[in-house]
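Colleague: quick one: sequence and predicted model below, then my questions.
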Number of protein chains: 6
Amino acid sequence: MSKTALVVSAHSADFVWRCGGAIALHAEKGFKVTVVCLSYGERGESAKLWRVPGMTLDRVKASREVEAKKAAEALGVHDIQFWDLGDYPITLSNDSLFRLVDVYRDIHPAFVLTHSKEDIYNRDHPAVTDFAQHARITAQAHGHNPGQKVLGAPPVFLFEPHQPEQCGWKPDVLLDIGSVWEKKRAAIECMEGQEHLWEYYTRVALQRGAQAARNSDKTIKWGEGFQSVFPHVVESLA
Amino acid sequence: MSKTALVVSAHSADFVWRCGGAIALHAEKGFKVTVVCLSYGERGESAKLWRVPGMTLDRVKASREVEAKKAAEALGVHDIQFWDLGDYPITLSNDSLFRLVDVYRDIHPAFVLTHSKEDIYNRDHPAVTDFAQHARITAQAHGHNPGQKVLGAPPVFLFEPHQPEQCGWKPDVLLDIGSVWEKKRAAIECMEGQEHLWEYYTRVALQRGAQAARNSDKTIKWGEGFQSVFPHVVESLA
Amino acid sequence: MSKTALVVSAHSADFVWRCGGAIALHAEKGFKVTVVCLSYGERGESAKLWRVPGMTLDRVKASREVEAKKAAEALGVHDIQFWDLGDYPITLSNDSLFRLVDVYRDIHPAFVLTHSKEDIYNRDHPAVTDFAQHARITAQAHGHNPGQKVLGAPPVFLFEPHQPEQCGWKPDVLLDIGSVWEKKRAAIECMEGQEHLWEYYTRVALQRGAQAARNSDKTIKWGEGFQSVFPHVVESLA
Amino acid sequence: MSKTALVVSAHSADFVWRCGGAIALHAEKGFKVTVVCLSYGERGESAKLWRVPGMTLDRVKASREVEAKKAAEALGVHDIQFWDLGDYPITLSNDSLFRLVDVYRDIHPAFVLTHSKEDIYNRDHPAVTDFAQHARITAQAHGHNPGQKVLGAPPVFLFEPHQPEQCGWKPDVLLDIGSVWEKKRAAIECMEGQEHLWEYYTRVALQRGAQAARNSDKTIKWGEGFQSVFPHVVESLA
Amino acid sequence: MSKTALVVSAHSADFVWRCGGAIALHAEKGFKVTVVCLSYGERGESAKLWRVPGMTLDRVKASREVEAKKAAEALGVHDIQFWDLGDYPITLSNDSLFRLVDVYRDIHPAFVLTHSKEDIYNRDHPAVTDFAQHARITAQAHGHNPGQKVLGAPPVFLFEPHQPEQCGWKPDVLLDIGSVWEKKRAAIECMEGQEHLWEYYTRVALQRGAQAARNSDKTIKWGEGFQSVFPHVVESLA
Amino acid sequence: MSKTALVVSAHSADFVWRCGGAIALHAEKGFKVTVVCLSYGERGESAKLWRVPGMTLDRVKASREVEAKKAAEALGVHDIQFWDLGDYPITLSNDSLFRLVDVYRDIHPAFVLTHSKEDIYNRDHPAVTDFAQHARITAQAHGHNPGQKVLGAPPVFLFEPHQPEQCGWKPDVLLDIGSVWEKKRAAIECMEGQEHLWEYYTRVALQRGAQAARNSDKTIKWGEGFQSVFPHVVESLA
């Protein structure tokens, strides 16, 4: 049976900038990666589209969905879902919570990726992290839909926010994404509406790569950083 | 060529309570583990011995060395060294620093174990952590004894202090030591001078084991916790 | 007039593991202790019951209530209330808030016990802490039910979560519960649905006791730790 | 075109104690300062009024509004608004959120003043900070009321809570308010219902003034402290 | 046998501003309070004296000693010692350490008062805290001067620095010093060389008093704040 | 009289990567900038040079001095000093302390730049920060070389370490260095021995520039980040 992973993304582009490398890398390893885009980022993260005369909310959403699907394909995503919950602010109801619980119980992810705990520039991001964590805990409850197999204890990794120091985010895991960098760059280039971020996140990947090299004495060029929520349970320290 | 690990222990019993499981586990995996006991803990951690009439500093040290060697043997330590630098307070000179640098360069450890960064109950412990970290950095300097192979970037793990919450110590790595628990208990029982700690650290191992089980959904009974100093560089998140 | 204390417990067993000793100790001192169980923990903390074939939510609740009442009796609780607000997630409405305000104003507790501020393994716990604190503040408002005697400034103590370091919980108060340990153990053994926790929390009590001894130079065997929310106002430092 | 500033105050007196000096100072510099009082603090911050026999909620509100208007006049406030959203607890709906977004977009403030992030004595204060920040972020979203000029990136300063150390508030900006102290004191004296705070906040101003002098080597007598949310973007370090 | 307390003060005036109330209060309760002034603050805290033409280091020290002795008398100090270790920077040798260990073992204090852990405006203060803590730990070592009665576990309280928020100091204990305020003020007025601080620390006492009242619902006018280093071991929570 | 600034750099290249922009910018504004290089970084930061056969410590130092002087010239440094105190570890004696005090008193800098408070990869950096801060405090002491003009309260800014999140460094000041970027790049290219860092710090400047733009709504391309040690004393919030 193949392994799975779950990405909970507030807006439809977040999974690309913040963990596109992790997705592509694990897809290549045979993981089926599910990406849940809770909103399109249609109001708050689509500035360029809104500069087009006559733009409407529906057209923004449609455009964002096309871009995200292309990027998902470039990364080898197994399943990408668009829940259209609105943004700025996002609306996270109990119904959506139980829907996400269903996803957890459906795929039993080996690990989960989502946003940083704090973000002074963005209110949807930490709300989504709390929501993803909330669903994970609910999926572990034996009394929720009794009879289903309850969720185990998949690790949760918080991907990089736009201004890491300002968000109190500290990477304790550095992932070598050199073997899939070309895929991540291709996915980034699908995000036509946010071209100003392409080089920014390319530089992020180079900095994290250089830091990974420093912390390992290995030759690493491209990297992604993650902050763990839970302690790592290991059978060896080396 | 066999792998190696380095334990830098302030007093001659610390390596037993705090990382005896990690030592035994890696010894079984074929690691050559070097333990440097910077002092015997002869003044500050030998209360029971000092209650013996006519006790002297030299007799305390001798007794502590015998106990520590027995424990090291029980754990499968490859090399245990006693540097006799004094305790309460420990004296950490530049000469000792360079001596520890030599150890780093001699064995090129795959990982390093030492004390927590803070300890409001103990001043030698954080001093030793700083010292071990200082030596590691110096061992990386190309201009120190040029011609020697410089140290890479071995991870450093901080083992558990006596009252973890009061010392700001938070375990982010939980190690399953179930397969070697008997060895750790045997080593603990070599510490005749500190019998009041036997059950305390047995309970610590059970609590960390239970927590490891919770965080992994695996069956784990005995554990040890560690706090990482550096980010983990990985090739997979699962 | 007898003194009172208030325990705000998310689920119907929390008050036993986390502050059973404090309850029994103060009950023996003549305090009337009120325990409010906001939910039964029927969905998220009753795994063993759910393994029984044909189990239903109502039967789980009934079973949990029986256990909690027995434990309360063993501890000498004056009044135990079951509010049945659901769990995983708990629902904390304004109506419930004002109901808890009424409790505060009814008993004017000398101190309050509730959960830790953070808990990465549990979302109901911190929600309840926030709720208990919210009700306390509202009970101090002169414009809430004018004419009633407003609440003073009772100290709030946060009891121990399951994995303290992971929840950023640090005990600054250690309570000697040696004189009532047998009662706490008896209460623990009432929790038949969570037998796997009996030894875990027995060990917690021994560790906190040993730490209390270390911090006081007294002979203490069994303890409970608490984290204060507010500064202590004192008339002496010794 | 004149510059503007926005103060988001949970209760109708907060803007006086906490940033009356900043308001008066900038008013003198020609800033049009808008103060939004989200509630009157009628339930939780009007103890003295509630001691008057026969007092009603409406009379408390009316009295608080009169006081706040007088204080605003003394400080040179351009526009003071009373939104009457209730207190202890305050109710912050999405409608109110969008109303505040409108204020942001209407005045495009050069800076924003609001409460501390934490306050263990007050639950409305941090809720309002979160709300003010939320509205600021929403006002930056291009898809919110497309066609309107979106908000830039005005700095947000958090003013002083009642017990600063207990609220984790640390001032990184100290403002010399010596030239307007008399105005602030006059505004303070408008708050007849909270006379017990007059001297308290006069002393706060003297302490912050003394600290400002220490940190600048200038002669400063009266001060106000603020905590920045965002990094300062500057063109010089001196 | 009378109880004792120990104050470790970096400079000869610190004990007055920072814990004069605690000293006077416990002296009235029958405690013999020993104050160790490690230096006179002759270089760094005697600006006014240095403005006198022809001033010398010896005259500054003499003047500071006279002031401190008067203040100690006003507070009811049992024993005040001047160790003359220099200031800005203070020199803390191992000889001085063992001398302080002797003081601990000589008086066996019921509690210890010293400086905050951090102080960005002062380097001697945190150095002295570390030193006082170091001596306390050494005094607990059975191997230090075997045969002497070892020190127990006296609590350590950190008194208030000049700019508390900037020094990360948070008071968790508020002491009512109303009954001895006049003595503290008298002691303050002995410090002729630092008259600019008289009103500053009078205001500090009023603020801490008001905060103590808020946190206890008692009538308290004058207070002092302290930060505990160790957890409080208690037999009751009320 | 022209304004001055002081940079205290642990090794001879640090001032280039970490604050070359600030130096060039203020030099253009007419500031006389003094750079004190406490060591050459000859042992720990000259890996490339040590790979040259037959290299000696003196040759490394000479080479580092030449590079640093060229860079200083490119940036418009007024005075660069090489104190040759050794590295890995650096030796910071009281004599060096008083020498740095003399520099402070000689130039009375408008601001000071130095390293981050923590750096898990480097022990000299935080030692130098502590040293620079120590000298600043000593320079404020009226009893140090009485008769000299004592130092005021110049702000201290901590420049960026190599791996900012791992060092707990958070920039609260972002400086636009666009007008002098070419000079900084030219200075960077003088550092022939560390060519692997050229692009790394070019990317850092682009990221900090993009972040400065985000936080100000201005067009900024190149930036440098700094962390303030002391609160900013201001006369306006806008």
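Modeller: That came through, no problem.

Colleague: let me see the ranges of the strands in chain A.
Modeller: Secondary structure of chain A (DSSP state E): strands located at A:4-9, A:32-37, A:79-82, A:112-114, A:156-158, A:173-176, A:223-228, A:232-234.

Colleague: tell me which of those lies nearest to chain B.
Modeller: strand A:232-234 (3.8 Å; Cβ to the nearest Cβ). The way it works is simple: take the backbone N, C-alpha and C, and place the C-beta from them, glycine included.

Colleague: for the residue in chain A positioned nearest to chain C, which residues are in contact?
Modeller: Closest to chain C within chain A is A:G143: 3.2 Å, counting by Cβ to the nearest Cβ. A:G143 is in contact with C:E42, C:R43, C:G44, C:S46, C:W50, C:L57, C:V60, C:Y88, counting by Cβ atoms under 8 Å, 6 or more residues apart in numbering or on different chains.

Colleague: give the ChimeraX command for selecting the buried subset of those residues.
Modeller: A single ChimeraX command selects the buried members of those (16 or more other Cβ atoms under 10 Å in any protein chain shown):
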select /C:42,43,44,46,50,60,88
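
Colleague: filter the contacts of A:G143 down to the ones close to chain E.
Modeller: With Cβ under 8 Å from any Cβ of the partner chain as the criterion, the contacts of A:G143 include none near chain E.

Colleague: between the contacts of A:G143, which is nearest chain B?
Modeller: Nearest member of these to chain B, counting by Cβ to the nearest Cβ, is C:G44, at 13.7 Å.

Colleague: show me what contacts the closest one?
Modeller: Contacts of C:G44 (Cβ under 8 Å, 6+ apart): A:I137, A:T138, A:Q140, A:A141, A:H142, A:G143, A:H144, C:H11, C:D87, C:Y88, C:N122, C:D124.

Colleague: for those, pick the one with the most neighbours.
Modeller: Across the contacts of C:G44, neighbour numbers were computed from other Cβ atoms under 10 Å in any protein chain shown; C:D124 holds the maximum, 28 neighbours.

Colleague: that one and C:V156, how far apart?
Modeller: Per Cβ to Cβ, to the nearest Å, C:D124 is found 18 Å from C:V156.

Colleague: now the strands of chain A as JSON lines including mean pLDDT and mean neighbour count?
Modeller: Output for these, formatted as JSON lines (pLDDT from 0 to 100; neighbours: other Cβ atoms under 10 Å in any protein chain shown):
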{"stretch": "strand A:4-9", "mean pLDDT": "98", "mean neighbour count": "26"}
{"stretch": "strand A:32-37", "mean pLDDT": "98", "mean neighbour count": "24"}
{"stretch": "strand A:79-82", "mean pLDDT": "98", "mean neighbour count": "16"}
{"stretch": "strand A:112-114", "mean pLDDT": "98", "mean neighbour count": "26"}
{"stretch": "strand A:156-158", "mean pLDDT": "98", "mean neighbour count": "26"}
{"stretch": "strand A:173-176", "mean pLDDT": "98", "mean neighbour count": "24"}
{"stretch": "strand A:223-228", "mean pLDDT": "98", "mean neighbour count": "25"}
{"stretch": "strand A:232-234", "mean pLDDT": "98", "mean neighbour count": "19"}
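
Colleague: take those strands and write them to a markdown table, including distance to chain F.
Modeller: Below are the strands of chain A laid out as a markdown table (distance: least, Cβ to the nearest Cβ, whole Å):
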| stretch | distance to chain F |
| --- | --- |
| strand A:4-9 | 21 |
| strand A:32-37 | 23 |
| strand A:79-82 | 27 |
| strand A:112-114 | 18 |
| strand A:156-158 | 12 |
| strand A:173-176 | 10 |
| strand A:223-228 | 8 |
| strand A:232-234 | 17 |
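
Colleague: I'd like the ones you listed as TSV, with distance to A:C167 appended.
Modeller: As requested, the strands of chain A are exported to TSV (distance: least, Cβ to Cβ, whole Å):
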stretch	distance to A:C167
strand A:4-9	16
strand A:32-37	21
strand A:79-82	25
strand A:112-114	14
strand A:156-158	10
strand A:173-176	17
strand A:223-228	10
strand A:232-234	22
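
Colleague: so for F:K69, which of those strands sits nearest?
Modeller: Nearest to F:K69 among those is strand A:223-228; the distance by Cβ to Cβ comes to 35.2 Å.

Colleague: quick one: residues contacting the closest residue to A:R64 other than its chain neighbours.
Modeller: Distance criterion Cβ to Cβ, 6 or more residues apart in numbering or on different chains; nearest residue to A:R64, sequence neighbours excluded, is A:Y40 at 4.1 Å. The contact partners of A:Y40, taken as Cβ under 8 Å, 6+ apart, are A:H11, A:S12, A:S46, A:V60, A:K61, A:R64, A:E65, A:A68, A:F82, A:D84, A:D87.

Colleague: kindly recompute the last result at 10 Å.
Modeller: A:Y40 makes contacts with A:11-13, A:46, A:57, A:60-65, A:67-68, A:82-87, D:143, as judged by Cβ atoms under 10 Å, 6 or more residues apart in numbering or on different chains.

Colleague: still on that earlier bit, tell me which of the contacts of A:G143 fall in helices.
Modeller: C:W50, C:L57, C:V60 (DSSP state H).

Colleague: of the residues you listed, which is the nearest to chain E?
Modeller: C:V60 (32.3 Å).

Colleague: mind pulling up the pLDDT for that closest one?
Modeller: Looking at C:V60, its pLDDT is 97.

Colleague: next one: A:D95 from chain D, what distance?
Modeller: Taking Cβ to the nearest Cβ, to the nearest Å as the measure, A:D95 falls 18 Å from chain D.

Colleague: neighbours around that residue, how many?
Modeller: A:D95, neighbours per other Cβ under 10 Å, totals 8.

Colleague: need phi/psi at the nearest residue to A:R43 once chain neighbours are set aside.
Modeller: In space, and not counting its chain neighbours, A:R43 is closest to D:G143: 3.2 Å by Cβ to Cβ, 6+ apart. Main-chain torsions, D:G143, degrees, to the nearest 10: phi -90, psi 0.

Colleague: need the residues of chain A near chain F, please.
Modeller: A:121, A:160, A:162-172, A:196-197, A:199-200, A:202-204, A:206-208, A:210-211, A:213-215, A:225, A:227 (Cβ under 10 Å from any Cβ of the partner chain).

Colleague: can I have the buried ones of the residues you listed as a PyMOL selection?
Modeller: Typed into PyMOL, the next command selects the buried ones out of these (criterion: 16+ other Cβ under 10 Å):
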select buried, chain A and resi 121+160+162+163+164+165+166+167+169+170+171+172+197+200+202+203+204+206+207+208+210+211+213+214+215+225+227
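
Colleague: so which of the residues of chain A next to chain F reach chain D?
Modeller: A:Y121, A:Q163, A:E165, A:Q166.

Colleague: looking at these, which is nearest chain B?
Modeller: Nearest member of these to chain B, counting by Cβ to the nearest Cβ, is A:E165, at 15.1 Å.

Colleague: who's in contact with A:V180?
Modeller: A:20-28, A:75-76, A:186-187, A:222 are the contacts of A:V180 under Cβ under 10 Å, 6+ apart.

Colleague: between these, which is nearest B:G178?
Modeller: A:H26 (29.1 Å).

Colleague: which pLDDT value belongs to the closest one?
Modeller: Per-residue confidence at A:H26 stands at 98 (pLDDT).

Colleague: find the nearest non-adjacent residue to A:L174, please.
Modeller: A:A212 (4.0 Å).

Colleague: and A:K170, by the same measure?
Modeller: F:E165 (4.5 Å).

Colleague: identify the residues contacting the one you found.
Modeller: Applying Cβ under 10 Å, 6+ apart, the residues near F:E165 are A:E160, A:P164, A:E165, A:G168, A:W169, A:K170, A:P171, A:D172, A:Q211, A:G225, A:Q227, B:P231.

Colleague: repeat that for A:V234.
Modeller: Neighbours of A:V234 in contact, by Cβ under 10 Å, 6+ apart: B:V173, B:L174, B:L175, B:D176, B:A212, B:S216, B:F226, B:H232.

Colleague: helices along chain A, start to end?
Modeller: Under DSSP H, chain A gives helices at A:14-28, A:47-50, A:57-75, A:94-107, A:124-139, A:181-190, A:198-214.
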